[in-house]
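K.L.:
Next input, structure requested:
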Amino acid sequence: DFPLSFCGEQLEETNCIKLVGINITNSLNWGYHADKVAMRSGQRLGIIRRARRLLPVSALASLYKSKVRSVMEYCSPIWLGASKSTLGKLDVIQRKATRCMGYHGDCIPDFHIFKLEQRRKVSGGCQLYRMMFNIAPSAVCNLLPPVSVPQRNSRAVNSCHHLQLSVGRSSTQHHMKSLVPHFSKLWNSLPNNVLYSSNGEIHGLKSF
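P.N.:
Numbering: from 1, shown residues only. Sure thing, here's the model as predicted:
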(Lines give C-alpha, C1' and ligand atoms only; values in the text may rest on other atoms or scores of the structure.)
Protein backbone atom coordinates (compact mmCIF):
# COMPACT_ATOMS: atom_id res chain seq x y z
CA ASP A 1 0.00 0.00 0.00
CA PHE A 2 2.38 2.67 -1.25
CA PRO A 3 0.96 6.16 -1.92
CA LEU A 4 1.05 7.01 -5.61
CA SER A 5 1.19 10.51 -7.06
CA PHE A 6 1.06 12.04 -10.53
CA CYS A 7 2.22 15.59 -11.30
CA GLY A 8 2.32 16.35 -7.59
CA GLU A 9 -1.23 15.11 -6.92
CA GLN A 10 -1.79 12.03 -4.81
CA LEU A 11 -3.90 9.37 -6.52
CA GLU A 12 -6.78 7.80 -4.65
CA GLU A 13 -7.16 4.05 -4.79
CA THR A 14 -10.29 2.86 -6.60
CA ASN A 15 -11.70 -0.43 -7.82
CA CYS A 16 -12.43 0.86 -11.32
CA ILE A 17 -11.41 3.72 -13.59
CA LYS A 18 -12.85 4.81 -16.93
CA LEU A 19 -10.22 5.50 -19.57
CA VAL A 20 -11.28 6.70 -23.05
CA GLY A 21 -14.65 5.03 -22.57
CA ILE A 22 -13.31 1.69 -21.23
CA ASN A 23 -14.01 0.63 -17.63
CA ILE A 24 -10.84 -0.98 -16.25
CA THR A 25 -11.15 -2.80 -12.91
CA ASN A 26 -8.35 -3.55 -10.47
CA SER A 27 -8.80 -7.27 -11.21
CA LEU A 28 -8.61 -6.73 -15.01
CA ASN A 29 -11.98 -8.45 -15.34
CA TRP A 30 -13.95 -7.19 -18.34
CA GLY A 31 -17.31 -8.36 -17.02
CA TYR A 32 -18.05 -5.01 -15.40
CA HIS A 33 -17.37 -3.09 -18.60
CA ALA A 34 -19.35 -5.51 -20.77
CA ASP A 35 -22.31 -5.23 -18.38
CA LYS A 36 -22.15 -1.45 -18.71
CA VAL A 37 -22.09 -1.77 -22.49
CA ALA A 38 -25.09 -4.10 -22.42
CA MET A 39 -27.02 -1.69 -20.20
CA ARG A 40 -26.28 1.32 -22.38
CA SER A 41 -27.04 -0.42 -25.67
CA GLY A 42 -30.23 -1.88 -24.18
CA GLN A 43 -31.41 1.61 -23.33
CA ARG A 44 -30.70 2.75 -26.88
CA LEU A 45 -32.70 -0.18 -28.21
CA GLY A 46 -35.81 1.81 -27.26
CA ILE A 47 -35.11 4.00 -30.32
CA ILE A 48 -35.73 1.02 -32.59
CA ARG A 49 -38.89 0.02 -30.75
CA ARG A 50 -40.40 3.49 -31.00
CA ALA A 51 -39.51 3.89 -34.67
CA ARG A 52 -40.45 0.44 -35.99
CA ARG A 53 -43.95 1.51 -37.06
CA LEU A 54 -42.72 4.68 -38.72
CA LEU A 55 -39.64 3.59 -40.68
CA PRO A 56 -38.91 0.86 -43.25
CA VAL A 57 -36.69 -2.06 -42.28
CA SER A 58 -33.70 -0.63 -44.14
CA ALA A 59 -33.89 2.57 -42.08
CA LEU A 60 -34.31 0.59 -38.84
CA ALA A 61 -31.22 -1.45 -39.72
CA SER A 62 -29.19 1.72 -40.31
CA LEU A 63 -30.47 3.15 -37.04
CA TYR A 64 -29.52 0.00 -35.17
CA LYS A 65 -26.00 -0.14 -36.62
CA SER A 66 -25.29 3.52 -35.96
CA LYS A 67 -26.88 3.97 -32.52
CA VAL A 68 -26.92 0.55 -30.85
CA ARG A 69 -24.36 -1.76 -32.42
CA SER A 70 -21.71 0.95 -32.45
CA VAL A 71 -21.92 1.03 -28.64
CA MET A 72 -21.51 -2.76 -28.39
CA GLU A 73 -18.47 -2.73 -30.67
CA TYR A 74 -16.52 0.24 -29.33
CA CYS A 75 -12.97 -1.06 -28.65
CA SER A 76 -14.40 -4.59 -28.55
CA PRO A 77 -11.08 -6.38 -29.29
CA ILE A 78 -9.76 -5.04 -25.99
CA TRP A 79 -12.53 -6.47 -23.79
CA LEU A 80 -13.10 -9.62 -25.85
CA GLY A 81 -11.90 -11.64 -22.84
CA ALA A 82 -15.18 -11.15 -20.97
CA SER A 83 -17.04 -14.35 -20.11
CA LYS A 84 -19.36 -15.97 -22.67
CA SER A 85 -22.36 -15.35 -20.43
CA THR A 86 -21.54 -11.64 -20.29
CA LEU A 87 -20.96 -11.35 -24.03
CA GLY A 88 -24.17 -13.29 -24.53
CA LYS A 89 -26.09 -10.32 -23.13
CA LEU A 90 -25.04 -8.36 -26.20
CA ASP A 91 -26.29 -11.15 -28.47
CA VAL A 92 -29.67 -10.93 -26.72
CA ILE A 93 -29.87 -7.22 -27.52
CA GLN A 94 -29.12 -7.85 -31.19
CA ARG A 95 -31.81 -10.56 -31.34
CA LYS A 96 -34.31 -8.12 -29.82
CA ALA A 97 -33.34 -5.58 -32.46
CA THR A 98 -33.82 -8.03 -35.32
CA ARG A 99 -37.25 -8.98 -33.94
CA CYS A 100 -38.20 -5.32 -34.03
CA MET A 101 -37.33 -5.42 -37.73
CA GLY A 102 -39.53 -8.48 -38.27
CA TYR A 103 -36.76 -11.10 -38.38
CA HIS A 104 -35.88 -14.06 -36.15
CA GLY A 105 -32.35 -14.87 -35.04
CA ASP A 106 -29.39 -12.54 -34.64
CA CYS A 107 -28.38 -12.10 -38.29
CA ILE A 108 -29.87 -10.20 -41.23
CA PRO A 109 -27.30 -10.62 -44.06
CA ASP A 110 -29.34 -8.48 -46.46
CA PHE A 111 -28.66 -5.47 -44.21
CA HIS A 112 -25.11 -6.49 -43.22
CA ILE A 113 -26.09 -7.49 -39.70
CA PHE A 114 -23.99 -10.49 -38.71
CA LYS A 115 -23.11 -12.21 -35.46
CA LEU A 116 -21.32 -9.92 -33.01
CA GLU A 117 -18.74 -12.59 -32.23
CA GLN A 118 -17.79 -12.78 -35.90
CA ARG A 119 -17.53 -8.99 -36.15
CA ARG A 120 -15.33 -8.84 -33.05
CA LYS A 121 -12.95 -11.34 -34.62
CA VAL A 122 -12.82 -9.36 -37.87
CA SER A 123 -12.23 -6.14 -35.94
CA GLY A 124 -9.37 -7.67 -33.96
CA GLY A 125 -7.91 -9.23 -37.08
CA CYS A 126 -7.95 -5.88 -38.87
CA GLN A 127 -6.22 -4.28 -35.90
CA LEU A 128 -3.52 -6.93 -36.03
CA TYR A 129 -3.14 -6.27 -39.77
CA ARG A 130 -2.54 -2.57 -39.01
CA MET A 131 0.05 -3.52 -36.42
CA MET A 132 1.76 -5.96 -38.78
CA PHE A 133 2.15 -3.41 -41.57
CA ASN A 134 2.83 -0.36 -39.35
CA ILE A 135 -0.48 1.33 -40.11
CA ALA A 136 -1.27 1.60 -36.40
CA PRO A 137 0.61 4.03 -34.08
CA SER A 138 4.17 2.92 -33.36
CA ALA A 139 3.46 2.37 -29.65
CA VAL A 140 0.75 -0.13 -30.62
CA CYS A 141 2.87 -1.79 -33.32
CA ASN A 142 5.61 -2.43 -30.75
CA LEU A 143 3.23 -4.76 -28.86
CA LEU A 144 3.24 -7.22 -31.76
CA PRO A 145 5.25 -10.45 -31.28
CA PRO A 146 8.09 -11.08 -33.74
CA VAL A 147 7.57 -13.12 -36.89
CA SER A 148 8.62 -16.72 -36.29
CA VAL A 149 11.28 -18.34 -38.43
CA PRO A 150 10.70 -22.10 -38.98
CA GLN A 151 13.68 -24.27 -38.12
CA ARG A 152 12.87 -26.89 -40.75
CA ASN A 153 10.50 -27.48 -43.65
CA SER A 154 7.45 -29.62 -43.11
CA ARG A 155 4.00 -30.07 -44.59
CA ALA A 156 2.48 -28.00 -41.79
CA VAL A 157 5.02 -25.20 -42.26
CA ASN A 158 4.55 -25.10 -46.04
CA SER A 159 0.77 -24.86 -45.69
CA CYS A 160 1.03 -21.72 -43.54
CA HIS A 161 1.74 -18.16 -44.65
CA HIS A 162 5.23 -16.81 -43.94
CA LEU A 163 4.00 -14.10 -41.56
CA GLN A 164 3.45 -16.46 -38.63
CA LEU A 165 3.87 -14.76 -35.26
CA SER A 166 5.77 -16.18 -32.29
CA VAL A 167 3.04 -16.50 -29.69
CA GLY A 168 4.33 -17.29 -26.23
CA ARG A 169 2.52 -19.39 -23.68
CA SER A 170 -0.02 -17.70 -21.44
CA SER A 171 0.13 -18.49 -17.74
CA THR A 172 -3.32 -16.99 -17.06
CA GLN A 173 -6.69 -16.92 -18.82
CA HIS A 174 -6.62 -13.11 -18.66
CA HIS A 175 -3.51 -13.01 -20.80
CA MET A 176 -4.64 -15.76 -23.17
CA LYS A 177 -7.86 -13.86 -23.99
CA SER A 178 -6.21 -10.46 -24.31
CA LEU A 179 -5.86 -8.74 -27.67
CA VAL A 180 -2.32 -9.64 -28.77
CA PRO A 181 -2.15 -13.36 -27.82
CA HIS A 182 -5.73 -14.07 -28.87
CA PHE A 183 -5.58 -12.43 -32.27
CA SER A 184 -2.01 -13.52 -32.95
CA LYS A 185 -3.25 -17.12 -32.84
CA LEU A 186 -6.15 -16.17 -35.10
CA TRP A 187 -3.68 -14.49 -37.47
CA ASN A 188 -1.51 -17.61 -37.58
CA SER A 189 -4.51 -19.75 -38.49
CA LEU A 190 -5.40 -17.68 -41.59
CA PRO A 191 -4.95 -19.50 -44.91
CA ASN A 192 -2.70 -18.13 -47.63
CA ASN A 193 -5.58 -17.05 -49.86
CA VAL A 194 -6.76 -14.59 -47.20
CA LEU A 195 -3.45 -12.73 -47.14
CA TYR A 196 -2.31 -13.21 -50.72
CA SER A 197 -3.88 -12.69 -54.12
CA SER A 198 -3.41 -15.05 -57.05
CA ASN A 199 -0.27 -13.18 -58.20
CA GLY A 200 1.36 -13.44 -54.77
CA GLU A 201 0.75 -9.87 -53.63
CA ILE A 202 -0.54 -9.13 -50.15
CA HIS A 203 -4.15 -8.08 -50.02
CA GLY A 204 -4.97 -4.61 -48.75
CA LEU A 205 -6.77 -3.89 -45.52
CA LYS A 206 -10.11 -3.57 -47.29
CA SER A 207 -9.83 -7.08 -48.71
CA PHE A 208 -8.81 -8.49 -45.35
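K.L.:
Now do the helices in this structure.
P.N.:
31-51, 57-64, 70-72, 84-100, 116-132, 138-141, 155-158, 173-176, 179-188, 192-195 (DSSP state H).
K.L.:
May I see the ones you listed organised as TSV, with distance to residue 24 added?
P.N.:
All C-beta atoms are positioned from the backbone trio N, CA, C, and that covers glycine. As requested, the helices of the chain are exported to TSV (distance: least, Cβ to Cβ, whole Å):
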stretch	distance to residue 24
helix 31-51	8
helix 57-64	28
helix 70-72	18
helix 84-100	15
helix 116-132	18
helix 138-141	17
helix 155-158	38
helix 173-176	12
helix 179-188	14
helix 192-195	33
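K.L.:
where does the chain have low pLDDT?
P.N.:
The chain contains residues with pLDDT under 70 at 150-160, 193-208.
K.L.:
for the spatially most central residue of it, phi and psi?
P.N.:
The structure's the chain has its C-alpha centroid closest to residue 77; by Cα atoms, centre = their mean the separation is 2.6 Å. The phi/psi pair for residue 77 (degrees, to the nearest 10) reads phi -60, psi -20.
K.L.:
measure it to residue 145 for me?
P.N.:
The gap separating residue 77 from residue 145 is 16 Å, by Cβ to Cβ, to the nearest Å.
K.L.:
who touches stretch 110-122?
P.N.:
Contacting residues not belonging to stretch 110-122 are listed as 57-58, 61, 64-65, 69, 72-73, 76-77, 80, 87, 90-91, 94, 98, 101, 106-107, 186 [Cβ atoms under 8 Å, 6 or more residues apart in numbering].
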